[in-house]
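Enquirer: A structural model of the following input is requested.
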Amino acid sequence: MTEPEPTPRAIDANALVQHVLRESYLQTTEDLRYYAEKVRYHNKLRKESRAYLGALRDFHVAVCETARERDVDIRRPDEDDSAATPRRLARFSRSPRVFA
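Expert: Predicted coordinates:
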């Protein structure tokens, strides 16, 4: 024999609308939390990148000042300076004054 067809139940339209709205609200809230976390992550990366670039600029300035103090032209080296510049920079990079 065939199974009897289920009898349709009366559906409360207002309850259905409320259920759909609640699910939509919960999903939207979850999406917004995800995007807020993503924004915080990228803001943190940007802050760290800016700090790193600032430290690189400070190091560049310190290298240029030290080279100027020692009368070394690091932009247009002659043959003697070309051979000595890597050694001077290596020696300078170990100096505690640069990283203070």
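Enquirer: Distance-wise, check residue 19 relative to residue 13.
Expert: 11 Å (C-beta to C-beta, to the nearest Å). All C-beta spots, glycine's among them, are computed from the backbone N, C-alpha and C.
Enquirer: and the two? which has more neighbours close in?
Expert: residue 19 (11 against 8; other C-beta atoms under 10 Å).
Enquirer: Which pLDDT does the model give that one?
Expert: In this model, residue 19 is scored at 95, pLDDT.
Enquirer: Name the SS class of it, please.
Expert: With DSSP: H, G, I helix; E, B strand; the rest coil as the basis, residue 19 sits in helix.
Enquirer: Quick check: which element contains residue 51?
Expert: Element membership for residue 51 (DSSP states H and E) is helix 13-69.
Enquirer: Show me what that helix is packed against.
Expert: Counting contacts by 3 or more C-beta pairs under 8 Å, 6 or more residues apart in numbering; DSSP states H and E, helix 13-69 packs against helix 79-93, helix 96-99.
Enquirer: Can you flag the weakest of those by average pLDDT?
Expert: Among those, helix 96-99 scores lowest, at a mean of 50.
Enquirer: Spatially central residue in this protein, please.
Expert: Geometric centre of the chain, nearest residue: residue 45, 1.8 Å, by C-alpha atoms, centre = their mean.
Enquirer: show me the contacts for it.
Expert: If you count contacts by C-beta atoms under 8 Å, 6 or more residues apart in numbering, residue 45 has none.
Enquirer: Just the pLDDT at it, thanks.
Expert: On the pLDDT scale, residue 45 gets 96.
Enquirer: what's the answer for residue 3, then?
Expert: Confidence at residue 3, expressed as pLDDT, is 70.
Enquirer: how far away is residue 52 from residue 45?
Expert: Counting by C-beta to C-beta, the separation of residue 52 from residue 45 is 10 Å.
Enquirer: chain center to stretch 65-76: distance?
Expert: With C-alpha atoms, centre = their mean, to the nearest Å as the basis, stretch 65-76 stands 34 Å off its chain's centre.
Enquirer: cool, stretch 28-41 as well?
Expert: 16 Å.
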